[in-house]
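S.K.: got a sequence here, can you build the structure:
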Amino acid sequence: MAVLEIKDVRKEYKEAGGILKGVSLSVEKGEVVVILGPSGCGKSTLLRCINGLEAIQGGEILLDGEVISNRKNDMHLIRQRIGMVFQSYDLFPNMTVLKNVMLGPLKAQKRNREEVKAQAEQLLLRVGLIDKKNAYPRQLSGGQKQRVAIVRALCMNPEVLLFDEVTASLDPEMVREVLDVMMDLAKEKRTMLIVTHQMEFAKAVADRVIFIDDGVIVEENAPETFFTNPKTERAKQFLQAFTFERRHS
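M.R.: Sure thing, here's the model as predicted:
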């Protein structure tokens, strides 16, 4: 059984019309799925629907065979099982790094403080930030903030991790430190859905690539096939645009 199943999911906004137009996708345990597509195609919206931040207007989303879509009363419990890392970090500025990481496990999961602290410190050590545990977000670089955000998600022990353009707002030299952490998670066989514009990273980390355009899945393939021999003309155009940008940047 797939860990995560998305069945004919549709998302609409009154002012914008259909954003997701019947998306179906299943994710196996330990699989890394990278979602690619042009801006505005529905990639980030799909992640927000999976995490319950957006209601859907049709279809179903299942976690371990259980329908989780549009469950308003206990969505906070579902979010403990589906971690999400955003582009904007969303760290509490008045809390130290360690307190930011520990907050969710202590408040939402009611776990033992010493156990949580030990796990938080172990994770911070792993991403090279143990020396920053008593620092505040304002004292960190963008790359450091994003690594803290990843640690915060990991400390909840989620079944699935969602990454929404987590390097988009970082300076180029900070991108690598974040991508290295995500590569390590992939090697551990963490179940992950990643929205990114980092093509080389996508090629290296993905077990499968999903290409979305105009709210539908246009192509789905192994990374080596998608990047070297895409099946659809739309995917070819998309990849050619990135090749052009890279050559002229």
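S.K.: in the protein, what secondary structure element scores lowest on mean pLDDT?
M.R.: In the chain, no helix or strand scores lower on mean pLDDT, DSSP states H and E than helix 233-247, which sits at a mean of 77.
S.K.: who touches the most centrally placed residue in the chain in this structure?
M.R.: Note on the chain: the residue nearest the mean C-alpha position is F163, at 1.5 Å, using CA atoms, centre = their mean. The contact partners of F163, by CB atoms under 8 Å, 6 or more residues apart in numbering, come to M84, V85, M182, M192, L193, I194, V195, T196. For glycine as for every other residue, the C-beta is placed from the backbone atoms N, C-alpha and C.
S.K.: against F201, how distant is it?
M.R.: Counting by CB to CB, to the nearest Å, the separation of F163 from F201 is 11 Å.
S.K.: who touches both of the two?
M.R.: Common neighbours of F163 and F201 (CB under 8 Å, 6+ apart) are M182.
S.K.: quick one, strands of this structure?
M.R.: Taking DSSP state E, the strands of the chain run over residues 4-13, 17-27, 32-36, 58-63, 66-67, 82-85, 160-164, 192-195, 208-213, 216-221.
S.K.: contacts for the fifth one next, please.
M.R.: Read it as strand 66-67. Strand 66-67 is contacted by residues E60, I61 when judged by CB under 8 Å, 6+ apart.
S.K.: list the neighbouring strands of that strand plus their orientation.
M.R.: Counting by DSSP bridges, the strands paired with strand 66-67 are strand 58-63 (antiparallel).
S.K.: ok, residues contacting the partner strand?
M.R.: With contact meaning CB under 8 Å, 6+ apart, strand 58-63 is reached by 3-10, 22-24, 49-50, 67-69, 78, 81-82, 159-160.
S.K.: residues near D131, how many?
M.R.: A count of nearby residues for D131, using other CB atoms under 10 Å, gives 10.
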